[in-house]
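K.L.:
Sharing a sequence plus its predicted fold:
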Amino acid sequence: MAEKITKRADDYSQWYLDIVQQAGLAENSDVRGCMVIKPHGYAIWEKMQRALDRMFKDTGHVNAYFPLFIPKSFLAKEEEMAEGFAKECAVVTHYRLKTIPGKGVQVDPEAKLEEELIIRPTSETIIWNTYRNWIQSYRDLPLLINQWCNVVRWEMRTRLFLRTAEFLWQEGHTAHATQAEAEEETRKILDVYRTFAEEWMAMPVLTGLKSAGQKFPGAVYTLCIEAMMQDKRALQAGTSHFLGQNFSKAFDVKFQDQNGKLEHPWATSWGLSTRMVGGLVMTHSDDQGLVVPPRLAPIHVVIVPIFRKPEEKQATCDAARKLAQALGAMPPDPWYNYEPLTVKIDDRDQHQPGFKFNEWEVKGVPIRVELGPKDLAQNACVLARRDLPGKESKMMGVPLAEAPTRIVGLLKAMQSALFERARKFRADNTLSVDTWDDFKKKIDEPGGFLWAHWDRTRETEDKIAAETKATIRCIPYEQTKETGKCVLTGKPSEGRVVFAKAY
RNA sequence: CGGGGCGUAGCUCAGCUUGGAUUAGAGCGCUUGGUUCGGGACCAAGAGGUCGGAGGUUCAAAUCCUCUCGCCCCGACCA
């Protein structure tokens, strides 16, 4: 355990892989492009799930589950979606193997499926095929359903969490009687995502509209939250789509309104995936290891008792257990989703304290408590915050009786400090550009988010992408009204959009 | 899918050019015992590898050849 982590400044993508590996988040599996999410990584995902799930429930959504397999013909019913996903679909063609003595197994050619099944890259088709039977009256609407599941997109090039062939996510699929209501839902979910990203992940995000070139195939438009990683590249962190009547028409879903008239319902869909775990790593972690925002930390506090003699071990561990109990008994707080604080006591005697300090720093535990004979003698302990590493920032001589309250205070302080730091980083790496020369220069150096005018055409967007590798990340909601000239073509523009190189 | 790099112990790698005396090695990690213990301890003794896989050349292959699989980087692609 605990070797060197490549410095961010030396090799950012190696640094990312080192963090993921050494913090025990995930590893590559023997299946190309598919990862094994290890307990510590999965625990973070579970925390994300619980926080998001509560937010979905609080906004009236319910969970359900739809099949992994989708008849191939379903995909074809919505043409734009078929086009968008055809190239990355895994296909099931047979339903049986046969064993060959001494040679293992082979696909039984007799067992060919009449209709091939694709493995869901997303579930709009099977869900809207099901909704046809569920929706008859305006009284059946709105239908507000979410599912937590895995999906498969056969990616050429994969990176742990950020882009894998199989990943975990939630996908919401709603049906509404009116266009206005569906559009409101699309916005409402975007707001849920923004709140989740900023308040739970401590990850500042831009919210806005995707350009036509970047939207979800099958959507009328796509809204997104977009974050900046520490290498100044953009990460699409969540998307919410207004689907219009595209799927209700494709799957012939109709309802009778109050006047007895048959109408196609209006749809939305929205998703957020395990990619967010990668985003979390790349937003907060440092050269020492993982940094997890306290609200999503699987372990909030680690207590390291310090001892040499058996009686010291006894005494410090007793005190550690007492403190852990006191922390666990803190009143339920929506701030950590009404869950008890999790506390780990590291009483292993095969490692020295210094080793343990480093190991828990690599794993990103927000608060460390050091508890040795000297502290015990004055009924105190030492506290250290993960985002302020080093000996200097330790808080010495904190009375044990006050420790639980102090720790909760530190967790909250750390959460906001992480958010502020990330926000400042984004602000420091965001600039406006007005000329094409300036754009080409600044997209490479210094890089980051470039606010620029754009003539709203697909051709210009593609040209800029081809020449600079920068894409339009979003057309932000929050911006000052300003007319100008497209940075490439000079044609009139009614507002700036954000360009960046993206993951 | 194209270009490049790399696959030898759990991890990082040496050995390969010039095939054979290396009985396949080192450091870290792991096991056992002892001394240690407030920022990655030390000593000793151990366990652990069909050299990514399959063919081929040869008296002899980790080493040479062919094919194949995987990983990393760059490109193309990417809701």
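P.N.:
That came in fine, so what should we check first?
K.L.:
Show me what the lowest-mean-pLDDT helix or strand in chain A is packed against.
P.N.:
Least confident helix or strand of chain A, by mean pLDDT, DSSP states H and E, is strand A:104-107 with a mean of 75. Here strand A:104-107 touches strand A:97-100, going by 3 or more C-beta pairs under 8 Å, 6 or more residues apart in numbering; DSSP states H and E. For glycine as for every other residue, the C-beta is placed from the backbone atoms N, C-alpha and C.
K.L.:
Check the offset of the strand it packs on from the chain's centre.
P.N.:
In terms of C-alpha atoms, centre = their mean, to the nearest Å, the centre of strand A:97-100 is found 41 Å from the chain centre.
K.L.:
For it, name the packing helices and strands.
P.N.:
strand A:104-107.
K.L.:
so what are the domain limits for chain A?
P.N.:
A:24-71+A:122-284, A:297-425, A:430-500 (automatic domain parsing).
K.L.:
For the longest one, measure first residue to last.
P.N.:
Right, domain A:24-71+A:122-284. 16 Å (C-alpha to C-alpha, to the nearest Å).
K.L.:
at contact distance from RNA strand B, anything in it?
P.N.:
Yes - under the criterion of C-beta under 7 Å from any atom of the strand, RNA strand B is reached by domain A:24-71+A:122-284 at A:28, A:32-33, A:122, A:151, A:153, A:155-160, A:163, A:167, A:169, A:214-217, A:219, A:222, A:239, A:271, A:273, A:275.
K.L.:
sorry, back to before: need the domains of chain A in JSON lines with mean pLDDT, mean neighbour count and distance to residue A:97, can you?
P.N.:
Shown next, in JSON lines, are the domains of chain A (pLDDT from 0 to 100; neighbours: other C-beta atoms under 10 Å; distance: least, C-beta to C-beta, whole Å):
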{"stretch": "domain A:24-71+A:122-284", "mean pLDDT": "95", "mean neighbour count": "20", "distance to residue A:97": "17"}
{"stretch": "domain A:297-425", "mean pLDDT": "95", "mean neighbour count": "17", "distance to residue A:97": "39"}
{"stretch": "domain A:430-500", "mean pLDDT": "93", "mean neighbour count": "17", "distance to residue A:97": "43"}
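K.L.:
In helices, which of the residues of domain A:24-71+A:122-284 next to RNA strand B fall?
P.N.:
Counting by DSSP state H, the part of those found in helices is residue A:275.
K.L.:
Which helix or strand contains residue A:281?
P.N.:
helix A:275-284 (DSSP states H and E).
K.L.:
hmm, who's touching that helix?
P.N.:
Residues outside helix A:275-284 that contact it (C-beta atoms under 8 Å, 6 or more residues apart in numbering): A:16, A:19-20, A:23, A:25-26, A:41, A:44-45, A:48, A:159-163, A:167, A:201-203, A:227, A:229-231, A:235, A:237-238, A:290-293, A:296, A:387, A:418, A:422.
K.L.:
ok, 6 Å please
P.N.:
Residues outside helix A:275-284 that contact it (C-beta atoms under 6 Å, 6 or more residues apart in numbering): A:19, A:44-45, A:161-162, A:201, A:203, A:227, A:229-230, A:235, A:237, A:291, A:418, A:422.
K.L.:
Please identify which of the residues you listed is nearest to residue A:481.
P.N.:
Checking the contacts of helix A:275-284 against residue A:481 by C-beta to C-beta gives residue A:227 as the nearest, at 24.7 Å.
K.L.:
Just want the angle from the host helix or strand of the closest one to helix A:275-284.
P.N.:
For residue A:227, the element it lies in under DSSP H and E is strand A:221-228. Interaxial angle of strand A:221-228 relative to helix A:275-284 (axes from the mean of the first three to the mean of the last three C-alpha atoms, to 10 degrees): 40 degrees.
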